[in-house]
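**Q** I would like to see how this sequence folds:
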Amino acid sequence: MKKRFSNSILIFIGVISTLFFNIKTAFCQNDELVSIDGERYFSAFGEIIRETPEYHTLQRGFDKNEMHLLDILSNDERAFIESEVNPPAIGVIRDLKQPIVFNLRNIEIPLNGEISTSGGRLSRISDEILVFSTYIKSEKADEIRIFFSEGNFPYGVKVNLFSKDDFAFNQFELTGKLDEYGFYTRTTFADYVILQVVIPKECFEQDFYFSITKVIHIDRIYIPEEFIRSCYEDANCSFANEYIYTNNLRRATAQLTFPVGYGYYICSGGQLNDSRTKDFQPFLLTANHCFDTQASAAGLEARFYYWSTSCNSGITNPDHIIINGANLIATNSQSDFTLVLLKEKGGNYYLGWTITNVANNGVLHSVHHPGGMLQKYSRHTNKTSPSYSCAGFSTTNYHYTVTLGGQTSGGSSGGVIANADGRVVGQLYGVCHPDNWDECDYSSYNNMWGRFNVSYSNNNLQYWLNNGGASVAMSVNSSSNFDFGSRPVGSLTDMTITVTNSGIRPNYLNLEAGTISITGTDANMFTIVGEKSFYLPPGASGSFIIRFNPTSSGPKTVTLNIPHNADNMSSPKTISITGSGTEICKNCPDYDFSLTPQTSWQTHSSSHSMNGCKIYRFWAYNGNKYTFKTGCGDGATASYDTQLYLFNNTCTQVAFNDDGCESYRSKIEWTANYTGYAYLRVKGWSHYSGSYTLAYNYCSSAPAQPGIISGNTSVCAGSTQTYSISPVSGATSYTWTLPLGWSGNSTSNSITVTVGANSGTISAQANNNCGSSIKRNLSVSVITTPAQPGAISGITSVCSGSTQTYSVSPVSGATSYTWTLPSGWSGSSTSNSITTTVGQNSGNITVKANNACGSGISRSLTVSVKAIPAQPGTISGSSSVPAGTTKTYSISPVTGATSYIWSYNGIGSISGSGTYVNLTAYTSGTLNVAAKNECGTSTARIKVITTTGVATNFPLQNIIISNGMFQCFDATQTITVAG
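**A** Model prediction:
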């Protein structure tokens, strides 16, 4: 018997949706599930909601060394993919031509502008932020993933990815130091990605580095279209729903893609329950022949809820989710199983399992992704003595089943199978069959499933699944207390807290920490900055900031609470946080100076000592916007790191700024909501001191919305365009926003840009000290040069002087066509067809499509021209012959002739053809021969023939009977010939 593997393929398009999880009851060997409300789950550990990242526009397009371009797949790469079937490959892992190696410590950070470095562009966005950008493309890929081979990402660094159709996401898992297996980004559904790494100033001096060395190139040509054979059963149809646990199977089943060596492959799997009652560990069962290493598990993507919206609708559930990365727990080829622990929460069902035997003829059920389709269901009956068995796959280690409905196929491997109670009893290996079999003839083969009871017993799965010792370990960088020390009232001081899953794989499980909170009577003076919930696989860390902002003097105490599921300490983990507020300068309403802001910039210079400050009082009018700064130009400056505080007439703080200008200088903009006194405090960060010049002014309103944006709305990619608006009264600067991929920068009322590949919206906004206007938008469309025309239709072997017509199918976006003909041909056209008069010369006919942006690649057709044959050469043979004798005549072959025409105008007969004929001449005359082909007949060659004597065998001439002469049928007549 022969065996076949079945593995699944999935196209993921969707968003992460809210999950609903299950509470579990522990059993000695069987785990069951009970559905609970999702809100209850997330109230315990929190749900992290992430915003779409901001794209930072470059001042100019990417330089050549900043773009990493890989060609289309080579023939060898395609041959490799097509050769990989067990499991099937859908892509390859490709090396970048030049790795991207970035180490901030080896780079001289620019004070402003941009520099090209490390295979990308480093931009100084502000004093607070650096952004590293690079462009990666694998030509004609349908999906790509980027591989970080190493890296250390300090807290606060963000890695953002952008691609076509405004696709953007933050790769939040990139934090801390990568392990030896590196990191694959989530799938980008295009052949290119723009990667931007945002680096806050707190990380400028930290050990920040990474290397990008590879790209996964996925080609959907290797993902088959939906099969149409009737023996597949949609998991959302009535046949599947006859089984009461089908919905559980659907919600626990995932489609898996993963790297192995040089290739990128696809399989199925199912999420299992375990006996822990305090958390939800996303164990996932699949097949050993799919993958069996941590390197593959690290690059795993699991897609859940990939089903049709209704029975056989073919419409993908829009709320399916994608999970990135896993840790290998156990694997063995004996029963062909692999068990992993996903690094994120997966589907919202955790399937029960059993290690009891399956009875003969016991009915079993499976949900899987054959051929990459939306989920399919199959029903089977177990056979302890199967009709077909394969060597090396005994019934001791494998269940053999007969299908009752719904076939499996390439793409189903690793899919779990469950009994009538909804408990998993194995996972799919493949099919055992004779030489002649058919997937829809269920009696012609058996499916083979690795037995879960064998996997469980022989690989100590109890350790992980049944309270056998696997646990969760947590550590925090601060033990039981932390003291901020004395801090000036109104100051801000930060402390970073790092939570780490201190367990190691595979013996430790995922850590859930959150929602983190601060409690105590002084809690209003302490703030959590950053994430408040973390989901961390073994070895991973998450960080957040505790910010101390004393608003009054004296000691302050709060408790930091970190709920968690760790087994090495009680929950919540509590840390005592202390600090003290101090007053060492005047407090509101006392003051040192009075100010009278004007609409133009005014300045005042002063200084203060260590831990000191200066207080200003001014009269504020309701609705006016006031600006105070120690940097950002207009005469403002300072010799140290400043902070500004603003208080209202009741001495309540209403504004604060630390580093709003260059070199840690400060700037406050505040709109008064009352009329009366207000107070400004100038001090140094921490204990800093020195001299400063304060600049200040006020304004009463923001600028009006700009008028219509002038400029072209239909433009060519790569062209240079200028857009402008009329000056706006009261505006001091303008902000322009460009479509993704465009470059250009301006703060005036016009901007010159280089057009990128994407259409979108250009926005202009007028600014002054009071704010910014409503944006004025202009939609622009990007036109590209037309594609290469398809094959040219028309005859390729033609006769000189003939009329021929050639054409191509219309090219999308083309406004005209340019035809080029061989030398000596005539004809012209600007449409997609041309009628020509053929000349004497062979050559190429070419055509290219044109539009306003230029011309596309030409398409060529080689044509050959045939001419009428030349006049034959001299006819060889006798010129004087005895009458009635037969003579042979010949000519040399004529180039291009396909036949020859011989004739004789005397009395005689010709036999033969081609270049040799026999002539029997009875009277003198001329022998003629002409060469002929499909293009025509040549000029004849003539030879005069003179006969001598009288032929004794002269042939009789035709006897003509004149009109009026008639004969009766069968009558005898005598005809006499005289002479």
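
**Q** any idea of the mean pLDDT in the longest strand anywhere in the chain?
**A** Assignment by DSSP state E gives strand 89-103 as the longest strand of the chain. Looking at strand 89-103 alone, the average pLDDT works out to 97.

**Q** again, but for stretch 546-554
**A** Per-residue scores along stretch 546-554 average to 89.

**Q** ditto for stretch 359-377
**A** 93.

**Q** With stretch 863-883 instead?
**A** The model assigns stretch 863-883 a mean pLDDT of 91.

**Q** Parallel or antiparallel, which strands does the longest strand of the chain pair with?
**A** Strand 89-103 sits in its sheet next to strand 209-218 (antiparallel), strand 263-272 (antiparallel), going by DSSP bridges.

**Q** pLDDT of stretch 568-581, averaged?
**A** 93.

**Q** Pull out the CA atoms of it and give them to me as PDB.
**A** In PDB, the C-alpha atoms belonging to stretch 568-581 read as follows (Å, rounded to 0.1, in the frame of the first residue of the first chain):
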ATOM      1  CA  ASN A 568       6.300  31.100  41.900                       C
ATOM      2  CA  MET A 569       4.700  34.000  43.800                       C
ATOM      3  CA  SER A 570       1.200  35.100  45.000                       C
ATOM      4  CA  SER A 571      -1.000  37.300  42.900                       C
ATOM      5  CA  PRO A 572      -1.100  40.200  42.700                       C
ATOM      6  CA  LYS A 573       2.600  41.000  43.000                       C
ATOM      7  CA  THR A 574       2.700  44.200  45.200                       C
ATOM      8  CA  ILE A 575       5.500  46.700  45.300                       C
ATOM      9  CA  SER A 576       5.600  49.600  47.700                       C
ATOM     10  CA  ILE A 577       6.400  52.900  45.900                       C
ATOM     11  CA  THR A 578       7.600  55.900  48.000                       C
ATOM     12  CA  GLY A 579       8.800  59.400  47.300                       C
ATOM     13  CA  SER A 580       8.700  62.900  48.900                       C
ATOM     14  CA  GLY A 581       7.700  66.300  47.500                       C
END
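
**Q** Show me the contact partners of the next helix or strand after the longest strand of the chain.
**A** As assigned by DSSP states H and E, the chain's next helix or strand after strand 89-103 is strand 114-117. If you take Cβ atoms under 8 Å, 6 or more residues apart in numbering as the criterion, strand 114-117 is touched by 58-60, 63, 65-66, 102, 107-108, 121-124. For the C-beta atoms, the positions are set from N, CA and C on the backbone; glycine is no exception.

**Q** Please list only the buried members of those residues.
**A** L58, E66, F102, R121, L122, S123, R124 (16 or more other Cβ atoms under 10 Å).

**Q** any idea of the pLDDT on K3?
**A** 47.

**Q** Ok, Y265 next?
**A** 96.

**Q** Please name the nearest non-neighbouring residue to it.
**A** Excluding the flanking residues, the one nearest Y265 by Cβ to Cβ, 6 or more residues apart in numbering is P87, at 4.7 Å.

**Q** and that neighbour, how many neighbours does it have?
**A** When counting by other Cβ atoms under 10 Å, one arrives at 27 neighbours for P87.

**Q** A strand includes Y677, no?
**A** Yes - counting by DSSP: H, G, I helix; E, B strand; the rest coil, Y677 is found in a strand.

**Q** doesn't Y621 make contact with it?
**A** No - judged on Cβ atoms under 8 Å, Y677 makes no contact with Y621 at a distance of 11.3 Å.

**Q** gap between the longest strand of the chain and the chain center?
**A** The chain centre lies 15 Å from the centre of strand 89-103; the measure is Cα atoms, centre = their mean, to the nearest Å.

**Q** Also stretch 195-214?
**A** So, by Cα atoms, centre = their mean, the centroid of stretch 195-214 is 22 Å from its chain's centroid.
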